[in-house]
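# give me a 3D structure for the following:
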Amino acid sequence: MATLNINGRDVTVDVPADMPVLWVLRDVVGLTGTKFGCGIAACGACTVHLDGNPIRSCVTPVAAAVGKRITTIEAIGATPAGKKVQRAWLDLEVVQCGYCQSGQIMSAAALLTKHPHPTDGDIDAAMSGNICRCGTYGRIRAAIKVAARGAALSAKGA
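Just a heads-up that it's a prediction; the model follows:
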């Protein structure tokens, strides 16, 4: 048994200590926004925050998350950086197939929380390892810059 703080809520799960956080989130808790991509921490689709830091949930054992705050794509929009990133993603129509986008958004939100005005080098470092098979990297970079400025390109959702 383990008690996890997921999106601000304590959840007790009966899982093996070495079960990856990804499968606890998806299969046990029912939060399916975090995606399985590669299973070896190489693609970034499974990125969630652990105490505000982006981690690859496919290789992080649940035991490593006990006593820490897990934030998933389902709750990132409630944070200031996450809200800006999600707005910019929509405004710039970043998503093509969308499969990698929850991981991309989680990495971008963590970046802007730590570096509100990132350089291109900061963006490259924070987003490396987040693979987009559709190649929307240009729109991802542009959206991060828009989110950093806090600019809104449209009145969507306003």
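# hey, let's count contacts and neighbours off CA atoms from now on
Will do.
# let's see the pLDDT reported for residue 150.
Listed pLDDT for residue 150 reads 86.
# I meant to write residue 120 there.
For residue 120, the pLDDT comes out at 96.
# number of residues surrounding the spatially closest residue to residue 1 that is not a sequence neighbour?
Closest residue to residue 1 apart from its sequence neighbours, by Cα to Cα, 6 or more residues apart in numbering: residue 14 at 4.3 Å. A count of neighbours around residue 14, defined by other Cα atoms under 10 Å, yields 10.
# do you know how far residue 14 is from residue 132?
With distances defined as Cα to Cα, to the nearest Å, the gap from residue 14 to residue 132 amounts to 34 Å.
# and if you look at residue 33?
Plainly put, residue 33 is 16 Å away from residue 132 if you go by Cα to Cα.
# the two: which has the busier surroundings?
More neighbours sit around residue 132 than around the other of residue 33 and residue 132, counting by other Cα under 10 Å; the figures are 21 against 17.
# surely the more buried one is in contact with residue 97?
No - the pair formed by residue 132 and residue 97 falls short of the contact definition of Cα atoms under 8 Å, at 9.2 Å.
# doesn't residue 2 make contact with the residue nearest to residue 1?
Yes - in terms of Cα under 8 Å, residue 14 counts as a neighbour of residue 2; the distance is 6.4 Å.
# what pLDDT does the residue nearest the centre of the chain get?
Per Cα atoms, centre = their mean, the C-alpha nearest to the average position across the chain is that of residue 106, at 2.0 Å. At residue 106 the predicted local confidence, pLDDT, stands at 98.
# ok but it is inside a helix, no?
Yes - according to DSSP: H, G, I helix; E, B strand; the rest coil, the state of residue 106 is that of a helix.
# which of the three states applies to the closest residue to residue 17 other than its chain neighbours?
Closest residue to residue 17 in three dimensions, ignoring its sequence neighbours and counting by Cα to Cα, 6+ apart: residue 63, at 4.9 Å. Following three-state DSSP, the label given to residue 63 is helix.
# state the distance from residue 63 to residue 2.
Look at residue 63 and residue 2: by Cα to Cα, they are 8 Å apart.
# what is in contact with the two at once?
When contacts are counted by Cα atoms under 8 Å, 6 or more residues apart in numbering, residue 63 and residue 2 are jointly contacted by residue 17.
# what about stretch 133-143, distance to the chain center?
A distance of 15 Å separates the C-alpha centroid of stretch 133-143 from that of its chain, computed with Cα atoms, centre = their mean, to the nearest Å.
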